[in-house]
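1. can't give you the sequence, but here's the structure:
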């Protein structure tokens, strides 16, 4: 007996790597929610230099708060033709559109804890994990990563 997969409702834009797997922790947050809620989705892996032109081409507005104007994760919600990027807005959208089973996304207290963790662990993570990220990138993405990120890493 053959089973058919349900048609995807979400297109998840993820960061490409040489291992053909999801390795980005920020994308894993969304992937975990999609899997937990059993929302059918498909993944499009983007090389670093393709993120901005692809997401801009989809009509997403640039991120005015971060260093990078366009980032993954990003999604395309096919039923409503909605595009968005950034983990928290995506998680909130998914919780609103697919309330069952519920995922407690954020409370005031959890937001404060997350902000504190980012303030303390963020710089350590950025300087210790980010340099290793280049090891799983294609040569094209490695060049882009070096050109756009190494100055911030002290390289």
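-> Looks like it arrived, so ask away. What you are looking at is a predicted structure, and each value in this text was computed from that prediction instead of being measured.
2. where along the chain do the strands fall?
-> Listed in chain order, the strands of the chain (DSSP state E) span residues 10-15, 41-46, 74-77, 82-85.
3. For the first one, give the mean pLDDT please.
-> Taken as a whole, strand 10-15 has a mean pLDDT of 97.
4. which secondary structure elements does that strand contact?
-> helix 25-36, strand 41-46, helix 48-57, strand 74-77 (3 or more CB pairs under 8 Å, 6 or more residues apart in numbering; DSSP states H and E). Heads up, the C-betas are built off the backbone N, CA and C, glycines and all.
5. strand partners of that strand, parallel vs antiparallel please.
-> strand 41-46 (parallel), strand 74-77 (antiparallel) (DSSP bridges).
6. which of these sits most buried?
-> strand 74-77 (a mean of 22; mean count of other CB atoms under 10 Å).
7. Show me how far that strand is from its chain's centre.
-> Centre-to-centre, strand 74-77 and its host chain are 10 Å apart (CA atoms, centre = their mean, to the nearest Å).
8. and the strands paired with strand 10-15 as TSV, adding distance to residue 147 and mean pLDDT?
-> Shown next, in TSV, are the strands paired with strand 10-15 (distance: least, CB to CB, whole Å; pLDDT from 0 to 100):
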stretch	distance to residue 147	mean pLDDT
strand 41-46	17	96
strand 74-77	22	98
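9. just to revisit the earlier point, output the strands of the chain in TSV; the columns should cover distance to residue 31.
-> TSV is the format used below for the strands of the chain (distance: least, CB to CB, whole Å):
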stretch	distance to residue 31
strand 10-15	7
strand 41-46	8
strand 74-77	11
strand 82-85	15
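10. where in this protein is pLDDT low?
-> For the chain, the stretches with pLDDT under 70 are 1-3, 105-111, 113-118, 120-132, 150-155.
11. possible to save the strands paired with strand 10-15 as a markdown table with distance to residue 91?
-> Shown next, in a markdown table, are the strands paired with strand 10-15 (distance: least, CB to CB, whole Å):
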| stretch | distance to residue 91 |
| --- | --- |
| strand 41-46 | 14 |
| strand 74-77 | 10 |
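12. what about the ones you listed, which gets the closest to residue 136?
-> Closest to residue 136 of those, according to CB to CB: strand 41-46, at 11.9 Å.
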